[in-house]
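Novice: Pasting the sequence and the predicted coordinates here, then a few questions.
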Amino acid sequence: MLKESILLKILKVGIYAVALVPLIIFSQFLSPFHFGKVIVFRSIVELMLVFYVMLVLLDRAYLPKFNKLVWSFLAFTLAFTLTTLTSSQVAQSFWGTLERMGGLWTFWHYFVFFIILISTFKRKEEWLSLFRFMAIVGVLSALYGFGQKTSSTFFVGGQGRARIFGTIGNAALFAGYQISIVFMSLALFFRKAISDKERWIYGSATVICAIAVMMTAVRGSILALVAGVLVYTSLYFVITKAKLAKRALMGLATLVVAFIVLAGVLRSTGVINSGYWDRVTNFSPKNFTVQTRIWAWTAGFEGWKESPKTMLVGWGPENFNIPFSKYFNPKFYTGPGSETLFDRAHNMFVEVLVTMGLVGFVAYVFMFFVALKSLRHIIKRRDEYLYIAIGLVALVVAYIIHNAFIFDTSANFITFFSLFGFIYFMFNDERADAKNNASRSIVRKGLAGSSGAALFILVLILIFRTNISPAMANYATTRAMVMSSDGNFKNTVEKYKEAVTYNVPIKYEIRNKFVQYVLEFTTANPSDQLVIDALKLAISEEEKNADNFPIDYLPKLYLSRLHVMLGRGDLESPYNDEALRYSLEALELAPKFVRTYYEVAQGYLNKKDNANAMKYLEEAVKLNPEVGISYWYLGMLKYDMGFKAEGARLVWEAITKGFSPGELDYVKLSQIYLRESNYASLAYAYEGIIKINETKEKRDLISEANYHATLAAVYQKMGNIDEAVAQAHLAAQYNPELLSAAQSFVRGMGRQW
């Protein structure tokens with residue numbers, strides 16, 4: 001039977017292990033910066049829970065005293081639980097997604113960690129030691145981010161990166177984590193009775209992590225950092241009346257005003273030629289990133305006010321993608337590669353309101369209110385915690401501002417709730433060690449031992465099922481992705497089959513990865529039985545996603561494309577009917593999602609129903625008239641249907657709106673404009689074909705010579721003799737067999753070879 005002192009040491013080691021979690025990167029896994037952190041964090045907390053239960057059974061003094069801080073955290077956790085039970089997709093709300101690893105299951109771990117933390121850390125020195133360690137961890141994460149500016153392959157995601165993201169994997173999320181470290185360190189730097197060693201640690205952490213925030217170039221985070229510093233300086237001056245604080249406040253205010261003025265004056269002049277400057281000074285609502293955030297929030301609000309239920313309890317945690325898709329703004333889609341799926345609102349307050357309704361929103365805001373009110377109480381006491389409390393007020397304000405532009409993940413939650421625990425400690429001012437009640441320990445020794453052993457076995461099973469198995473499935477998926485780069489289709493499919501056999505919550509994403517691979521391979525390779533079998537297997541797997549997530553349009557869109565591939569070349573194929581069924585169902589769920597209209601049109605094209613295909617492509621053009629590829633699809637279809645002039649006009653409009661043709665697209669263009677005798681456009685098509693050929697690793701010089709020869713003839717027709725001569729020379733250079741013909745061609749235009 002473990003003694004109370006040993007149990008305490010184990011728990012404290014666990015707390016320090018959690019403090020290291022922000023540094024964890026699973027580089028060989030999907031979502032390398034988030035997945036591993038949560039898997040390790042949950043495993044540590046689950047093991048800590050076993051020892052904590054044993055400790056409480058030995059001595060109830062280790063149960064925390066509930067004050068408003070604990071109740072506020074519990075209230076939000078219970079709101080999280082309620083809105084999960086009423087969720088539009090309960091499984092996703094409970095388990096979260098592979099990308100972020102959120103959900104109710106993970107969030108309860110944060111609460112359990114918080115309870116263990118405030119129950120075991122009873123002395124100020126214990127908290128300060130933890131925060132010194134956290135400051136060092138924060139600095140290490142920042143230094144890792146600095147390394148991403150170098151060419152070293154040691155730093156994942158680096159190699160001269162413009163905007164660093166440290167060990168967090170996203171510039172904005174990394175900035176949020178670093179902001180917490182900055183203000184935690186600042187708060188502890190100015191406290192009384194600090195050693196030189198501690199002052200050096202906290203001072204270095206403040207400066208280094210602040211620099212890291214600036215290097216992310218995340219405007220909302222920089223705003224939060226500046227606002228937090230102003231709040232800290234203002235409070236320090238108001239409370240202490242220190243002249244130095246007054247001078248610092250005036251200096252900071254002057255710098256902020258000067259920056260705003262300079263940004264307005266110099267931005268449009270081009271005097272400062274810097275991408276960083278252009279980004280951080282671009283406050284315009286016309287900025288595309290700013291616009292996408294506003295569109296996402298608007299879609300979320302539309303979803304929130306849809307019904308009394310969604311207003312009260314929302315769509316369910318982790319389900320922002322559902323109202324976002326339902327009220328999708330077509331302006332998001334600017335062509336292939338567009339970011340058209342927001343699984344988060346990029347505003348924690350909007351996120352909570354939309355996914356948890358008023359119940360969750362009130363509970364979420366109440367946590368900040370209670371934290372600030374508790375800090376106000378500590379400041380009014382004017383005791384040894386005065387300067388720390390001032391710093392933590394600035395931290396909470398900066399955290400709120402930052403969260404108005406992004407969302408939380410594991411590293412941010414761990415840091416914030418650790419500091420939340422310290423506010424609890426300062427508010428209660430519990431300085432005495434927990435007393436060891438011998439009589440109660442003796443009574444519960446047997447019970448603590450047997451309960452601990454049973455719970456330990458259960459937790460090991462739980463860790464294997466909810467942490468290790470998902471990790472194995474994740475790793476198998478990345479091995480399949482590695483195999484796919486070698487071109488071994490059969491082995492890659494087998495590895496994906498292994499990955500989906502794991503009965504884990506993240507199968508949704510694994511199935512989608514498998515489908516994406518099969519579709520990419522099928523598009524680039526002729527169909528054979530192996531490919532057909534893979535398509536059918538992908539359909540059977542994706543149907544499970546469609547069944548488990550019935551209001552998610554994405555599985556239906558994948559199923560439509562898979563059936564389109566199977567129905568190609570056979571207008572009577574039942575696969576074409578299935579493709580249409582799924583794409584039309586997806587359209588009902590996301591009626592303004594532009595790409596779905598392409599899928600519907602493709603289903604009709606497989607059936608040779610050009611009239612209906614044209615109708616849906618025309619709708620795609622209307623949804624967002626600025627998307628070039630919509631004009632391309634519609635123009636090519638109209639041209640094939642006999643509307644030659646209209647088709648030619650539309651495909652050229654596609655190009656003027658930014659559509660970038662591929663090699664086959666340029667070939668189609670050349671055929672169109674050759675028939676139209678539109679030599680200027682024909683020259684554009686051949687110039688595009690030549691440009692693509694020049695970028696290939698293995699250039700086909702014979703074909704390229706023929707392209708140059710054709711382009712020479714086109715320039716001759718246009719009367720551009722100089723260019724015609726230049727192209728003839730290139731044709732002869734790449735294929736000497738064309739030398740005689742090229743010479744005759746040039747001399748025929750009255751020029752010397």
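Specialist: Here it is on my side, so go on.
Novice: drop to CA atoms for contacts and neighbour counts, all remaining ones
Specialist: Noted.
Novice: Where does pLDDT dip in this protein?
Specialist: In the predicted model, the chain carries pLDDT under 70 at residues 1, 267-273, 430-444, 526.
Novice: okay, now the domains of it?
Specialist: Using automatic domain parsing, the domain ranges for the chain come out as 123-218, 486-624, 666-753.
Novice: got a markdown table for these, with distance to Y110 and mean neighbour count too?
Specialist: Formatted as a markdown table, the domains of the chain follow (distance: least, Cα to Cα, whole Å; neighbours: other Cα atoms under 10 Å):
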| stretch | distance to Y110 | mean neighbour count |
| --- | --- | --- |
| domain 123-218 | 16 | 21 |
| domain 486-624 | 20 | 20 |
| domain 666-753 | 51 | 17 |
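Novice: Between the ones you listed, which one is closest to L104.
Specialist: L104 sits nearest to domain 486-624 of all these, at 12.9 Å, using Cα to Cα.
Novice: which stretches of the stretch 51-200 of the chain form helices?
Specialist: Assigned by DSSP state H, counting those that start in this stretch, the stretch 51-200 of the chain shows helices spanning 68-85, 90-95, 104-120, 124-147, 171-189, 196-216.
Novice: Next, the buried residues of the longest helix along the chain.
Specialist: In the chain, taking DSSP state H as the definition, the longest helix is helix 348-381. Within helix 348-381, the residues that qualify as buried are 348-364, 366-368, 370-372, 374-376, 378-379, counting by 16 or more other Cα atoms under 10 Å.
Novice: and that helix, how far from the chain's centre?
Specialist: 25 Å (Cα atoms, centre = their mean, to the nearest Å).
Novice: what angle sits between that helix and helix 68-85?
Specialist: 170 degrees (axes from the mean of the first three to the mean of the last three Cα atoms, to 10 degrees).
Novice: tell me the angle of the helix or strand following helix 348-381 relative to helix 171-189?
Specialist: Once the chain leaves helix 348-381, the next helix or strand it forms, by DSSP states H and E, is helix 386-403. Interaxial angle, helix 386-403 versus helix 171-189 (the same axes, to 10 degrees): 170 degrees.
Novice: C-alpha coordinates for helix 386-403, PDB please?
Specialist: Extracted C-alpha coordinates of helix 386-403, given in PDB (Å, rounded to 0.1, in the frame of the first residue of the first chain):
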ATOM      1  CA  LEU A 386      -0.800  42.000  -5.100                       C
ATOM      2  CA  TYR A 387       1.600  42.300  -8.000                       C
ATOM      3  CA  ILE A 388       0.900  38.700  -9.200                       C
ATOM      4  CA  ALA A 389      -2.800  39.500  -9.200                       C
ATOM      5  CA  ILE A 390      -2.200  42.600 -11.300                       C
ATOM      6  CA  GLY A 391      -0.300  40.500 -13.900                       C
ATOM      7  CA  LEU A 392      -3.000  37.900 -14.000                       C
ATOM      8  CA  VAL A 393      -5.700  40.500 -14.600                       C
ATOM      9  CA  ALA A 394      -3.700  41.500 -17.700                       C
ATOM     10  CA  LEU A 395      -3.400  37.900 -18.700                       C
ATOM     11  CA  VAL A 396      -7.100  37.300 -18.500                       C
ATOM     12  CA  VAL A 397      -7.900  40.400 -20.500                       C
ATOM     13  CA  ALA A 398      -5.300  39.500 -23.100                       C
ATOM     14  CA  TYR A 399      -6.600  35.900 -23.200                       C
ATOM     15  CA  ILE A 400     -10.200  37.200 -23.800                       C
ATOM     16  CA  ILE A 401      -9.000  39.400 -26.600                       C
ATOM     17  CA  HIS A 402      -7.000  36.700 -28.200                       C
ATOM     18  CA  ASN A 403      -9.900  34.200 -28.000                       C
END
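Novice: gap between it and the chain center?
Specialist: Its chain's average C-alpha position is 26 Å from that of helix 386-403, according to Cα atoms, centre = their mean.
Novice: Report the contact partners of K243.
Specialist: Applying Cα atoms under 8 Å, 6 or more residues apart in numbering to K243 gives the contacts F237.
Novice: do you know how far it is from D577?
Specialist: Distance, K243 to D577, by Cα to Cα, to the nearest Å: 78 Å.
Novice: same thing with A473?
Specialist: Look at A473 and D577: by Cα to Cα, they are 34 Å apart.
Novice: same check, this time on T106
Specialist: According to Cα to Cα, T106 and D577 sit 41 Å apart.
Novice: Not counting its own residues, what contacts the one helix or strand P555 maps to?
Specialist: Element membership for P555 (DSSP H and E) is helix 553-567. Contact partners of helix 553-567, identified using Cα under 8 Å, 6+ apart, comprise 325, 512, 515, 519, 522, 532, 535, 538-539, 542-543, 545-546, 573-576, 578-583, 585-587, 589-590, 596, 599, 602-603, 606.
Novice: what does stretch 470-483 give?
Specialist: Among residues not part of stretch 470-483, those counted as contacts by Cα under 8 Å, 6+ apart are 28-30, 39, 491-493, 495-496, 498-500, 502, 504-506, 510.
Novice: Please repeat the previous calculation with a cut-off of 7 Å.
Specialist: Residues outside stretch 470-483 that contact it (Cα atoms under 7 Å, 6 or more residues apart in numbering) are 28-30, 492, 495-496, 499, 502, 504, 506, 510.
Novice: What is whichever strand or helix holds A620 packed up against?
Specialist: Element membership for A620 (DSSP H and E) is helix 610-623. Packed against helix 610-623 by the contact rule (3 or more Cα pairs under 7 Å, 6 or more residues apart in numbering; DSSP states H and E) you find helix 594-606, helix 628-640.
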